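S.K.: attaching a predicted model along with its sequence, questions to come.
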Amino acid sequence: MGLFKRLYDWIDLRIGAREIVEKELTGYLLPRNINGWYSLGSVLLVIFALQVATGTLLMIYYVPDAEKAFKSVTFIMNELPYGWLIRLCHAVGSNMMVAVLLLHMLSTMMMGSYKSPRELNWLTGFILFTLVQGISLTGYLAPWSQLSFWATTVATNSAAAIPVAGPYLVEFLRGGKLVGPPTLGRFFALHVAVMPVTIAALIGAHLFVLKRTGISTPPFGGELSRNPWPVQSYRYHGHPGGIPFFPNYLLQDLTSICIYLAIFLAVVFYAPSLLFTPDAFIPANPFQTPAHIKPEWYFLANYQTLKIFPSELLGLSVQAAAMTFLALLPFIDRSPERNPLKRPVFLVCAIGGFLLWVGLTIWGHFS
Amino acid sequence: MENDGRRKFLGVCLAGATVAAAAAALYPVFQYLAPRSGKTGADKLVFAASDIPEGEAKFFEYAGSSAVLVKTNAGVVVVLSAVCTHLGCIVQWEKDKQDFICPCHAGHYSPDGIVLSGPPPRPLAKIPFTVAGGEITVG
């Protein structure tokens, strides 16, 4: 311990480490009634770090060439020591990231944490959500299997419904009239360079905004559930008398991370086939469309919506309207009340909307 | 005091569990990244002696590295590692001078791998071979 203390003293003398720890960790106070749902952001940070780590490891052996991609993935899965583990962690992790992100957004909605003055927290989070879906979509093509090839064909084709620019947009996305080698090059560049960097930058912005506004008080547990002030000038929302982030809430973060890792590893080791249909093990064949090709589970509701409406443009417009509504939620729902039990209209809309999404997803799966 | 002992015991258990978890995570990563020794290049190669004219050299991959087979003007066969002992560049055969030169830092070796000049600290490594029935078997 003496050595650690001396090292800490040495660093403290140079950069004022104790002051940072006092301000950002032990002196960073959180509301006394904070709950476990607030730790989902930390879980997401861990997932993102794991995705970056496993993705970097995969890049060592993966070849982003239409002729070699499937073979290189097969090599990783079957011949490299623990290659299957790294690849499954990456594939399962991407799905988990979307799932946890959805939970994080749902809890933010239920706690009313998106409300003024936290509109920027919600907006940056919403953009992160769309980017995570984008990075999952672009990564889906990488194995160059029948599943990835045709799922990408279906997913990119939906943009064709946009009037005037649609068909050109699809061609631009694909780098040609159909999904082919140029698509793989584009998607690979987006997947490993553009999107991770953008996501990292937005995570930074999200955390910056969080630190500047201060964490919101959960609307449960006996304290005021209404936002306590009208936003006329900037004010940090502190929590005097609250619990310190370190060590108290860090323990909650670690607990949630461990629960997540248990679920994640259970899927990786015991149910990896959840994510892989037989088409995932056949190399892409541009001349043979498999029957019943479906996108990933988180796009099933979008996929089914397109099928329900008689016109693709209408289906796409409904989705665009729903996404815009969700993005602008803090500007539409302006009441200061944050307790969902005191907001019946919100509660009905939120639960109804969620059930609709789940219903469309199940319908899309079985249709 | 009893409380302190319990706290210390739990701390040690937690640290141990953390180290074990880190090792369990790092071991597969290490195995994944470790070079796949012996998987590239053949361990035994056979060349027809008539394929290599006198005064010429033939470069080939051997046991995951680069090697060279030389038949000197006098008809003597030598098999050497082609990796320069200075900084690992691949030496080139100079047919007219009947020696090896390393293009990186101008190290010179004789046909049997001895350092003639330049910075290489050691001769080129010799690779075992046999000549029988008009065939040169390396390895």
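M.R.: Everything's here; your move.

S.K.: please make it C-alpha for all contacts and neighbour counts, starting now.
M.R.: Fine.

S.K.: give me the number of residues near residue 68?
M.R.: Let's take chain A. Residue crowding around A:Lys68 was assessed by other Cα atoms under 10 Å in any protein chain shown; the count is 14.

S.K.: nope, chain B
M.R.: Other residues within reach of B:Val68 by the criterion other Cα under 10 Å amount to 22.

S.K.: poorly predicted segments of chain B, please.
M.R.: By pLDDT under 70, the weakly predicted segments of chain B are B:1-2, B:37-41.

S.K.: ok, the closest residue to chain A within it to B:Val19 distance?
M.R.: Residue nearest to chain A within chain B (Cα to the nearest Cα): B:Tyr32, separated by 5.1 Å. Separation of B:Tyr32 from B:Val19 (Cα to Cα, to the nearest Å) stands at 20 Å.

S.K.: repeat for A:Gly353
M.R.: With Cα to Cα as the criterion, A:Gly353 and B:Val19 are 45 Å apart.

S.K.: swap in A:Val192?
M.R.: Relative to B:Val19, A:Val192 is positioned 31 Å away (Cα to Cα).

S.K.: do B:Thr130 as well
M.R.: 52 Å.

S.K.: hmm, back to that, please identify which of B:Tyr32 and B:Val19 sits among more neighbours.
M.R.: Relative neighbour count places B:Tyr32 above the other of B:Tyr32 and B:Val19, with 23 against 12, counting by other Cα under 10 Å.

S.K.: right, and that one touches A:Trp84 too?
M.R.: No. If you go by Cα atoms under 8 Å, B:Tyr32 and A:Trp84 don't touch, sitting 9.8 Å apart.

S.K.: so what's A:Gly185 up against?
M.R.: Contacts here follow Cα atoms under 8 Å, 6 or more residues apart in numbering or on different chains; on that basis A:Gly185 touches A:64-65.

S.K.: ok, it to A:Ala91 distance?
M.R.: Between A:Gly185 and A:Ala91 the computed distance is 19 Å (Cα to Cα).

S.K.: how about B:Leu10?
M.R.: Taking Cα to Cα, one finds B:Leu10 at 35 Å from A:Ala91.

S.K.: out of the two, which sits in the more crowded spot?
M.R.: Neighbours around B:Leu10 and A:Ala91, counted as other Cα under 10 Å, are more numerous at A:Ala91. The numbers are 21 against 12.

S.K.: near chain A, which residues of chain B?
M.R.: Where proximity means Cα under 8 Å from any Cα of the partner chain, the interface of chain B facing chain A comprises B:28-29, B:31-32.

S.K.: report the buried members of those residues.
M.R.: By the neighbour-count criterion of 16 or more other Cα atoms under 10 Å in any protein chain shown, those include these buried positions: B:28-29, B:32.

S.K.: mind putting those residues in JSON lines, secondary structure included?
M.R.: Written out in JSON lines, the entries for these read as follows (DSSP: H, G, I helix; E, B strand; the rest coil):
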{"residue": "B:Pro28", "secondary structure": "helix"}
{"residue": "B:Val29", "secondary structure": "helix"}
{"residue": "B:Tyr32", "secondary structure": "helix"}
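
S.K.: hey, what's the residue nearest in space to the middle of chain B bridged with?
M.R.: Chain B has B:Ser65 as the residue nearest its centroid, 4.5 Å off, counting by Cα atoms, centre = their mean. Each beta-bridge partner of B:Ser65 is listed here, defined by DSSP bridges: B:Tyr62.

S.K.: surely A:Val63 touches A:Ile76?
M.R.: No. With contacts counted by Cα under 8 Å, A:Val63 stays clear of A:Ile76, the gap being 10.7 Å.

S.K.: am I right that B:Ala23 is in a strand?
M.R.: No. Inclusion of B:Ala23 in a strand is not indicated when three-state DSSP is applied; the result is helix.

S.K.: gap between it and A:Cys258?
M.R.: Remark: distance between B:Ala23 and A:Cys258 (Cα to Cα) = 16 Å.

S.K.: can you check A:Leu123 too?
M.R.: Distance of A:Leu123 to A:Cys258, given as Cα to Cα: 28 Å.

S.K.: who has more neighbours out of the two?
M.R.: Between A:Leu123 and A:Cys258, counting by other Cα under 10 Å, A:Leu123 is the more crowded of the two (18 against 13).

S.K.: straight-line length of stretch A:326-342, end to end?
M.R.: 20 Å.

S.K.: in that stretch, what's buried?
M.R.: With burial defined by 16+ other Cα under 10 Å, the residues of stretch A:326-342 counted as buried are A:327, A:329-330, A:337-340.

S.K.: for stretch A:97-106, same thing?
M.R.: Neighbour-count burial for stretch A:97-106, counted by 16+ other Cα under 10 Å, picks out A:97-98, A:100-101, A:104-106.

S.K.: Three-state assignment for the closest residue to chain B within chain A, please.
M.R.: Using Cα to the nearest Cα, the single residue of chain A nearest to chain B is A:Pro81, 5.1 Å away. State at A:Pro81, reduced to three classes by three-state DSSP: coil.

S.K.: which residue is the nearest non-sequential neighbour of it?
M.R.: Of all residues not flanking A:Pro81 in the chain, B:Tyr32 sits nearest, at 5.1 Å (Cα to Cα, 6 or more residues apart in numbering or on different chains).

S.K.: test my guess that B:Arg122 contacts B:His108.
M.R.: No. When contacts are counted by Cα under 8 Å, B:Arg122 is not listed as touching B:His108 (11.2 Å).

S.K.: and the two? Which one has more around it.
M.R.: Per other Cα under 10 Å, whichever of B:Arg122 and B:His108 has more neighbours is B:His108, with 24 against 13.

S.K.: which residues touch the residue lying closest to the more buried one once chain neighbours are set aside?
M.R.: Beyond its immediate neighbours in the sequence, the residue positioned closest to B:His108 (Cα to Cα, 6+ apart) is B:Ile101, lying 4.6 Å away. For B:Ile101, the residues meeting the contact criterion (Cα under 8 Å, 6+ apart) are B:91-94, B:107-109.

S.K.: ok, now B:Lys58?
M.R.: Neighbour list for B:Lys58: B:52, B:68-70 [criterion: Cα under 8 Å, 6+ apart].

S.K.: next, B:Val131: secondary structure please.
M.R.: Taking three-state DSSP, the label given to B:Val131 is strand.

S.K.: burial count for it?
M.R.: Taking other Cα under 10 Å as the definition, B:Val131 ends up with a neighbour count of 14.

S.K.: equivalent analysis for the one 4 residues further on, please.
M.R.: By the criterion of other Cα under 10 Å, B:Glu135 has 14 neighbours.

S.K.: pretty sure B:Ala42 sits in a strand.
M.R.: No. Going by three-state DSSP, the assignment for B:Ala42 is coil, not a strand.

S.K.: so it versus A:Glu79, what's the distance?
M.R.: 19 Å.

S.K.: and A:Gly180, by the same measure?
M.R.: The spacing between A:Gly180 and A:Glu79, counted by Cα to Cα, is 27 Å.

S.K.: more neighbours, the two?
M.R.: Neighbours were tallied for A:Gly180 and for A:Glu79 using other Cα under 10 Å; the higher tally belongs to A:Gly180 (17 against 13).

S.K.: the more buried one touches A:Arg186, doesn't it?
M.R.: No. In this structure, A:Gly180 sits apart from A:Arg186 without contact. The criterion is Cα under 8 Å, and the distance is 10.3 Å.

S.K.: any residues in contact with both of these two?
M.R.: Here A:Gly180 and A:Arg186 have A:Arg174 as joint contacts, going by Cα under 8 Å, 6+ apart.

S.K.: need the contact list for the residue nearest to A:Pro81.
M.R.: With contact set as Cα under 8 Å, 6+ apart, B:Tyr32 has these partners: A:80-83.

S.K.: equivalent analysis for A:Gly221, please.
M.R.: Contacts of A:Gly221 (Cα under 8 Å, 6+ apart): A:Asn33.
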